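Participant: whatever this is, show me its structure:
(one chain, ligands or ions: 2)
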Amino acid sequence: MHSIETMSYTVAIVGRPNVGKSTLFNRLIGARQAIVDNTSGVTRDRQYGMVEWGGKEFNIVDTGGFVPRPSDVFEKEIKEQVKIAIEESSLIIFLLDVTVGITDLELEMAKMLRKANKEVLVVINKVDNSSRLYDVNEFYSLGFEAYFPISAISGSGTGELLDAITERMPEQLEKETEPELPRVAIVGRPNVGKSSLLNALVGEPRQIVTEIAGTTRDSVHTRYNLFNKDLLLIDTAGIRKKHKVINHLEFYSVIRAIRAIDESDVCVLVIDAAQGMEAQDVKIFSTAVRKKKGIVIAVNKWDLIEEKSSRSVSEYVEEIKEKIAPFTDVPVIFISALTKQRIHKLIETTLQVHKNLHAQIPTSTLNEVIQQAVQKYPPPAERGRLIKIKYATQVKTRNPAFAFFCNYPKSVKAPYRNYLENEIRRHFDFKGVPLTLVFKEK
Ligand code: GDP
Ligand code: GDP
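Facilitator: Ligands and ions are numbered 1, 2, ... in the order given. Here you go, the predicted structure:
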């Protein structure tokens, strides 16, 4: 079994309200839009996104995105966010506004950031023209290493900023000690029962075999032997050591979930049976899909619902699938961390998804399926052009991807791509695994 390389690099944008955090965030995310994201149904939001630049990819978090009305944020809250950003991110963009200069609050933020043992890039925004460039000098008094004058609105200077970020990212991924073991992350909103699930899985006494350092500074992967199967549980979600004070902060739980997803092969997304699939759950789901991770949905606290519910299990599953469409080929397991109902099934399913993640379909078998599918329902002609799909092959990548060779690759539209993906799923077990389909000219 080959190993899947993972790395987590998260950049946080901090700054007081109105300096242009969300404008910069959108600008940087936009840089990625040029790259075709062929995972459908993935929503962008203003809290968190992925940026690809110079062949590297990193996560970006807009701390301002976590407050509904930025003008109402209290100083205390901003400082709290700076503290979390220092603890949880790899690099910090400290954003300031050239037209305002340095405020008292920003002096305090600078003090916190200077003390932190973290890479900080001071970015001076709204430098829309060269005359404003003179005013940048004032900011050097903050006493940092690197300053970047930019205009988030026009995009000027953002290329240099992206270069500076990717230059600071580690070249070489740290070697995984035990690459053959499935890495499983338990993710979900606060209070859905993640730590209860961990306790139910691991039991007392805990069958901890070894603790293995993760790819990021303070994450620890614990190797467990559960039901005679070895696996690594990713604990970056802070399940075992809860950060009591700030745990309620959405920013904190999102930034932790991102990292846990990055470091895993398969994510167990825990949701609360009473609440169903909520917007925040869908966001975590989409993040895992975008990062091409295996996914299992665990509907927890089923003990509270089971008897009372007027809805059947299949109705419940349908409701979830409506929310996560179009990628619905995902196992949904109804569990109770409290009564340990179907805990064993959850682990078995998770390991099966891990297996599916590594499935390799022989080209001849794949082509039989594709040829049949194409004959049954040929690609619709585009502007009078007849589209011919010649053959398909599974690309050797870290997660399942299929290349289709055809005469007019750009003319194969989403509905037909979905049709082919569904045909692949109908014949081969890729349950819980996001697939990538690329169309190429021979
Ligand atoms: P946030 O509260 O830090 O997220 O700030 P926003 O991104 O909402 O921006 C606050 C205001 O500054 C908005 O009116 C933006 O249009 C404006 N703004 C952001 N970037 C620039 C820039 O580069 N130049 C100018 N002139 N205005 C900007
Ligand atoms: P976390 O924040 O996601 O780690 O959630 P916790 O594991 O701390 O659980 C939050 C609350 O839900 C606690 O009061 C648990 O006792 C309760 N809880 C967790 N799992 C279950 C379950 O399966 N059934 C019931 N009835 N309660 C549960």
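
Participant: just the strands in the stretch 101-250 of the chain please.
Facilitator: 119-125, 146-149, 183-187, 208-213, 220-226, 229-234 (DSSP state E, counting those that start in this stretch).

Participant: and of the ones you listed, who's closest to ligand 2?
Facilitator: strand 183-187 (8.3 Å; CB to the nearest ligand atom). Heads up, the C-betas are built off the backbone N, CA and C, glycines and all.

Participant: direction included, what does that closest one pair up with?
Facilitator: strand 229-234 (parallel), strand 266-272 (parallel) (DSSP bridges).

Participant: where among those strands is average confidence lowest?
Facilitator: Mean pLDDT per stretch puts strand 229-234 lowest among the strands paired with strand 183-187, at a mean of 82.

Participant: looking at the next helix or strand after that one now, give me its mean pLDDT.
Facilitator: Using DSSP states H and E, the helix or strand that follows strand 229-234 in sequence is helix 250-262. Averaging pLDDT along helix 250-262 gives 82.

Participant: quick revisit: which of the strands of the stretch 101-250 of the chain is buried the deepest?
Facilitator: strand 183-187 (a mean of 27; mean count of other CB atoms under 10 Å).

Participant: and the angle for it with helix 250-262?
Facilitator: Per axes from the mean of the first three to the mean of the last three CA atoms, to 10 degrees, the angle that strand 183-187 makes with helix 250-262 is 160 degrees.

Participant: assign R27 to helix, strand or coil.
Facilitator: helix (DSSP: H, G, I helix; E, B strand; the rest coil).

Participant: same check on Q352?
Facilitator: helix.

Participant: ok, it - how many residues close by?
Facilitator: 17 (other CB atoms under 10 Å).

Participant: pLDDT value on it, please?
Facilitator: 95.

Participant: tell me who's in contact with it.
Facilitator: 331, 429, 431-432 (CB atoms under 8 Å, 6 or more residues apart in numbering).

Participant: give me the buried subset of these.
Facilitator: If you count burial by 16 or more other CB atoms under 10 Å, the buried members of these come out as 331, 431-432.

Participant: circling back to that earlier point, could I get the strands paired with strand 183-187 in TSV, plus columns for distance to ligand 1?
Facilitator: Shown next, in TSV, are those (distance: least, CB to the nearest ligand atom, whole Å):
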stretch	distance to ligand 1
strand 229-234	31
strand 266-272	29
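
Participant: K396 is nearest to which of those strands?
Facilitator: strand 266-272 (20.2 Å; CB to CB).

Participant: starting at the chain centroid, how far to the helix or strand just after the closest one?
Facilitator: Next in sequence after strand 266-272, counting helices and strands by DSSP H and E, comes helix 279-290. Remark: helix 279-290 is offset 7 Å from the chain centroid, using CA atoms, centre = their mean, to the nearest Å.

Participant: tell me the buried residues in helix 279-290?
Facilitator: 280-290.

Participant: now do stretch 8-24
Facilitator: Buried residues in stretch 8-24 (16+ other CB under 10 Å): 8-16, 19-24.

Participant: is any part of it close to ligand 1?
Facilitator: Yes: remark: stretch 8-24 sits within contact range of ligand 1 at 15, 17-23, by CB under 6 Å from any ligand atom.

Participant: a markdown table for those residues, including distance to ligand 2?
Facilitator: Formatted as a markdown table, these follow (distance: CB to the nearest ligand atom, whole Å):
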| residue | distance to ligand 2 |
| --- | --- |
| G15 | 30 |
| P17 | 29 |
| N18 | 33 |
| V19 | 33 |
| G20 | 34 |
| K21 | 28 |
| S22 | 28 |
| T23 | 34 |
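
Participant: closest to G294 out of these?
Facilitator: S22 (32.2 Å).

Participant: that's a strand at that closest one, yeah?
Facilitator: No: counting by three-state DSSP, S22 is not part of a strand but helix.

Participant: that one and F58, how far apart?
Facilitator: For S22, the distance to F58 equals 18 Å [CB to CB, to the nearest Å].

Participant: equivalent analysis for W302, please.
Facilitator: 37 Å.

Participant: same check, this time on G276
Facilitator: From G276 to F58 the distance is 32 Å (CB to CB).

Participant: of these two, who's got more company?
Facilitator: F58 (22 against 14).

Participant: mind checking pLDDT for that one?
Facilitator: 92.

Participant: need phi/psi at it.
Facilitator: Dihedral pair for F58: phi -140, psi 160, per degrees, to the nearest 10.

Participant: wait, it touches G49, no?
Facilitator: No: if you go by CB atoms under 8 Å, F58 and G49 don't touch, sitting 10.0 Å apart.

Participant: tell me where the stretch 51-200 of the chain is predicted with low confidence.
Facilitator: Along the stretch 51-200 of the chain, segments meeting pLDDT under 70 span 65-73, 172-179.

Participant: burial count for G54?
Facilitator: 12.

Participant: how close does it get to G159?
Facilitator: 10 Å.

Participant: equivalent analysis for G193, please.
Facilitator: Counting by CB to CB, the gap from G193 to G159 is 45 Å.
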